[in-house]
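mind looking at a prediction? Sequence and model below.
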Amino acid sequence: MAINILLGICVVFCFRQGVGFAADTVANEDVLEQIRYLKKTIREQQQKIEALEHRVSRQENTGREIGTIVPVSEIDRRIDERLSQKAPAYQLMEGLSMSVGATTIVQSVHNANGATQLSGKEDVTDSSVSTDITLNKKFEDYGEGFVYVTAGQGKGVEDELQLYSNVNYDADDDQNVRLSEAWYEHYFKSVSGALAFGKLDPTKYIDTNSYANDETTQFLGRMFRNSAVVEFPSNAGGAHFGASPSEFYSINLVAVDADADWEDAFDGMFLAGQFNLKPKLFNREGNYRFFVWNNGANHSNWSDPAKDKENGYGYGLSFDQELTDNLGIFARYGWQDPKVYMNGSDFSLEQSWSIGPQIKGVLWGRPDDVVGIGFGQIIPSNKYKQANNLQAKTESHMECYYNFKINEHLSLSPDLQVIWQPYGKDSANGDGTIVVGGLRGQLDF
């Protein structure tokens, strides 16, 4: 580069000299001045060249100092590591399980006796739908989180009947998407037990049953889902302790706000405890549960209405026993204090019992199908009968369902219910035997 610059300068100089000789008018002093200018220009260009050569040399040395080339896989690993450190949502999804279900029920009633009926012999057909979404995650540090969101539409035939129990436990006419459960459960390291707190469903811990405790796959009527004489509150804030010190028994204790309003929770609590004995009779699985409960919400005394801040309490049992690979039976009994009734209720009960078998469809080549048959009675309180001068007869229920599994995601269940002496024969719109026929569709994602 320096040589080219010097040649250029010479050409310019010769040109200038040529011009000078031709014109012969340029003074020697002017020529000297031009020479000094050219020297200065050459020095400046030389300095620039040296600066450029220094920069090139430094870059070459820097490249040699970087060292060995990093493989692409190593770069990916470092990027993933950095993302995992800076993106909590990435970690949140790891190990998270989700389930989605939708239940649709259509029922027709013969001899509907509800307050909205014009007579006691009307027939009606109504439907309901509900959806459930659950999120669950177990943590490595002995913990588990659970969230349950639900919504529904339609009362079904519930508002067309007057009963001590009901015929569609799944009916949910609250169209708002709401938080039904949200809790954290911590497992103890030293003992086989766990403590959960948050918004809880007490029916998951008390009066449970393997063959009669799920309205989406088993019986629809409340008295076969849970005892009719346990005053379970709505899902509410509270705590649950469960322990299984031995394979032969387990313990459940639960305490939740009795009126589920998140106000003054300790002023009225629902407290309950269940002891589950699990003997291996006939070398088969069986559960023999005994439970007690106390509801601290305000109750009134039938004999003395001025006593309107009483508690309600009771006890019960819930058995299920597997007899063969394809046959199991269940039985329930419950009692509650007959002297009081919960404020706002129109009646009170004293006893309830139910019994029935569950049969798998192996015998007719449908091993995933299930048939359930239940019969039971609800006995109202004598104090209620006397205080209101009513008949208060025993209400009897029979229910039979067939859970037909279409595939892994869909099942259909024809369901038949018969109710004798509904509402103790004290309904204003008739006391004839009620027949309810329906179909349930259960969709699971």
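Yep, it's here. Numbering: from 1, shown residues only.

residues contacting Trp262?
Taking C-beta atoms under 8 Å, 6 or more residues apart in numbering as the contact definition, Trp262 lies against 236-237. (Glycine included, C-beta is placed from N, CA and C.)

centre of the chain versus the biggest helix by length in the chain, how much separation?
Looking across the chain with DSSP state H, the single longest helix is helix 28-66. Helix 28-66 sits 77 Å away from the centroid of its parent chain (C-alpha atoms, centre = their mean, to the nearest Å).

just the mean pLDDT for that helix, thanks.
Average pLDDT, helix 28-66: 73.

which elements pack onto that helix?
helix 2-23 (3 or more C-beta pairs under 8 Å, 6 or more residues apart in numbering; DSSP states H and E).

Pro380 pairs with what?
Leu349 (DSSP bridges).

roughly how far apart are it and Asp431?
Remark: distance between Pro380 and Asp431 (C-beta to C-beta, to the nearest Å) = 14 Å.

how about Ala236?
Look at Ala236 and Asp431: by C-beta to C-beta, they are 36 Å apart.

just to revisit the earlier point, for Pro380 and Asp431, indicate the residue with more neighbours.
Ranked by neighbour count (other C-beta atoms under 10 Å), Pro380 and Asp431 place Pro380 first, with 25 against 20.

I'd guessed the more buried one sits against Glu350; true?
Yes. Assessed by C-beta atoms under 8 Å, Pro380 is found in contact with Glu350 at 6.5 Å.

please look at Ser180 and Val149 and confirm they touch.
Yes. Here Ser180 lies in contact with Val149, judged by C-beta under 8 Å, at a distance of 6.6 Å.

so what's in contact with those two at the same time?
Here Ser180 and Val149 share the contacting residues Asp132, scored by C-beta under 8 Å, 6+ apart.

in the sheet, who's paired with the closest residue in space to Leu135 that isn't next to it in sequence?
Of all residues not flanking Leu135 in the chain, Val147 sits nearest, at 4.5 Å (C-beta to C-beta, 6 or more residues apart in numbering). Beta-bridge partners recorded for Val147 (DSSP bridges): Leu135, Ala182.

which ones are touching Val147?
Val147 touches 134-136, 179, 181-182, counting by C-beta under 8 Å, 6+ apart.

what's the PyMOL syntax to select whichever of those residues are buried?
Buried subset of these, written as a PyMOL selection, criterion 16 or more other C-beta atoms under 10 Å:
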select buried, resi 134+181+182
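
for Met269, state which of the contacts of Val147 is nearest.
Taking C-beta to C-beta as the measure, Met269 sits nearest to Glu181 out of the contacts of Val147, at 18.1 Å.

could you verify my assumption that that closest one touches Leu200?
Yes. Glu181 is in contact with Leu200 according to C-beta under 8 Å; the separation is 6.5 Å.

returning to what we had before: any idea how far Lys204 is from the residue nearest to Leu135?
Val147 is 14 Å from Lys204, by C-beta to C-beta.

over to His397?
Taken as C-beta to C-beta, the span from His397 to Lys204 is 23 Å.
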